[in-house]
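Chemist: Next input, structure requested:
(chains A and B)
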Amino acid sequence: GAGVSQSPSNKVTEKGKDVELRCDPISGHTALYWYRQSLGQGLEFLIYFQGNSAPDKSGLPSDRFSAERTGGSVSTLTIQRTQQEDSAVYLCASSLLGSGGYTFGSGTRLTVV
Amino acid sequence: AQSVTQPDIHITVSEGASLELRCNYSYGATPYLFWYVQSPGQGLQLLLKYFSGDTLVQGIKGFEAEFKRSQSSFNLRKPSVHWSDAAEYFCAPIFGNEKLTFGTGTRLTIIP
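Modeler: As a prediction, the model looks like this:
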């Protein structure tokens, strides 16, 4: 597609439920990133996929968070047993390695009640 | 340790006035440097980037930034701001690992 697409745009979930957030990167972009933006924490790196390499998971805040990227394209970020502190905007970005500059999606606003 | 600092949390500028947003980094080499803008309720948009070469880079929307190695800075400037420039601005280096590290952001308010 023309841009990075994220779905849903908004998600309200009850504490303790699992959620899945989806990201469709720009076609042909080899790198895909997830970031989280929350009040007081700014923009935090979560995970990075590059081609067929093992993902860089160094930013995942706990083992309740996981992500996968199927076929080198679509990615899903899963949060298990959601907590109120997980409430944030989750941003996905993609890029061509070495091209400089990511293209960000509009984000998924997650609210845990 | 590598880090990025945006010293100004909030800046207010009159429409038509000039603007400079500060960004400093700490790193043992020259990182790749980026400025992003986030308008209310919108995603992040790339304004400009610096990899190497000419230290004054031009971006979209009339913005420019100057890399100064001696000061470890990459300040963003605009000669004359417009009301539509009101947004949050993020400086974001890549410290050699392909991951953007975001500063805390500077919120820009424009007054008539």
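
Chemist: Not counting sequence-adjacent ones, nearest residue to B:Pro40?
Modeler: B:Ala87 (7.2 Å; C-beta to C-beta, 6 or more residues apart in numbering or on different chains). The way it works is simple: take the backbone N, C-alpha and C, and place the C-beta from them, glycine included.

Chemist: Quickly list what that neighbour is bridged to.
Modeler: B:Leu108 (DSSP bridges).

Chemist: Report the separation between B:Lys49 and chain A.
Modeler: 5 Å (C-beta to the nearest C-beta, to the nearest Å).

Chemist: That residue is in contact with B:Gln58, isn't it?
Modeler: No - taking contacts as C-beta atoms under 8 Å, B:Lys49 lies outside contact range of B:Gln58: 10.7 Å.

Chemist: Which one's more surrounded, those two?
Modeler: Higher neighbour count among B:Lys49 and B:Gln58: B:Lys49, with 19 against 11, using other C-beta atoms under 10 Å in any protein chain shown.

Chemist: The residue nearest to B:Pro40: how many residues sit nearby?
Modeler: 19.

Chemist: ok now do it, which residues does it touch?
Modeler: Applying C-beta atoms under 8 Å, 6 or more residues apart in numbering or on different chains to B:Ala87 gives the contacts B:Val37, B:Gln38, B:Ser39, B:Pro40, B:Arg107, B:Leu108.

Chemist: Give me the phi and psi for B:Ile60.
Modeler: Phi and psi for B:Ile60, reported as degrees, to the nearest 10, are phi -80, psi 170.

Chemist: Likewise for B:Asp85?
Modeler: Dihedral angles phi and psi of B:Asp85 (degrees, to the nearest 10) take the values phi -80, psi -10.

Chemist: Give me the below-cutoff pLDDT ranges for chain A.
Modeler: Chain A contains residues with pLDDT under 70 at A:1, A:98-100.

Chemist: Now the most centrally placed residue in it: which helix or strand?
Modeler: With distances taken as C-alpha atoms, centre = their mean, A:Trp34 lies nearest the centre of chain A, 3.4 Å away. Here A:Trp34, judged by DSSP states H and E, is contained in strand A:31-38.

Chemist: Apart from its chain neighbours, what residue comes closest to the residue nearest to the centre of chain A?
Modeler: A:Leu46 is the one closest to A:Trp34 (C-beta to C-beta, 6+ apart), at 4.2 Å.

Chemist: Could you export the strand or helix carrying that neighbour as CSV, keeping only the C-alpha atoms?
Modeler: Here A:Leu46, judged by DSSP H and E, is contained in strand A:42-50. Taking C-alpha atoms only, strand A:42-50 is exported to CSV below (Å, rounded to 0.1, in the frame of the first residue of the first chain):
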residue,chain,number,x,y,z
GLY,A,42,7.5,9.4,25.5
LEU,A,43,8.2,7.2,22.5
GLU,A,44,9.6,3.8,23.5
PHE,A,45,11.1,1.3,21.2
LEU,A,46,9.5,-2.2,21.5
ILE,A,47,10.7,-4.5,18.8
TYR,A,48,12.4,-4.5,15.4
PHE,A,49,12.2,-6.9,12.5
GLN,A,50,14.7,-6.9,9.7
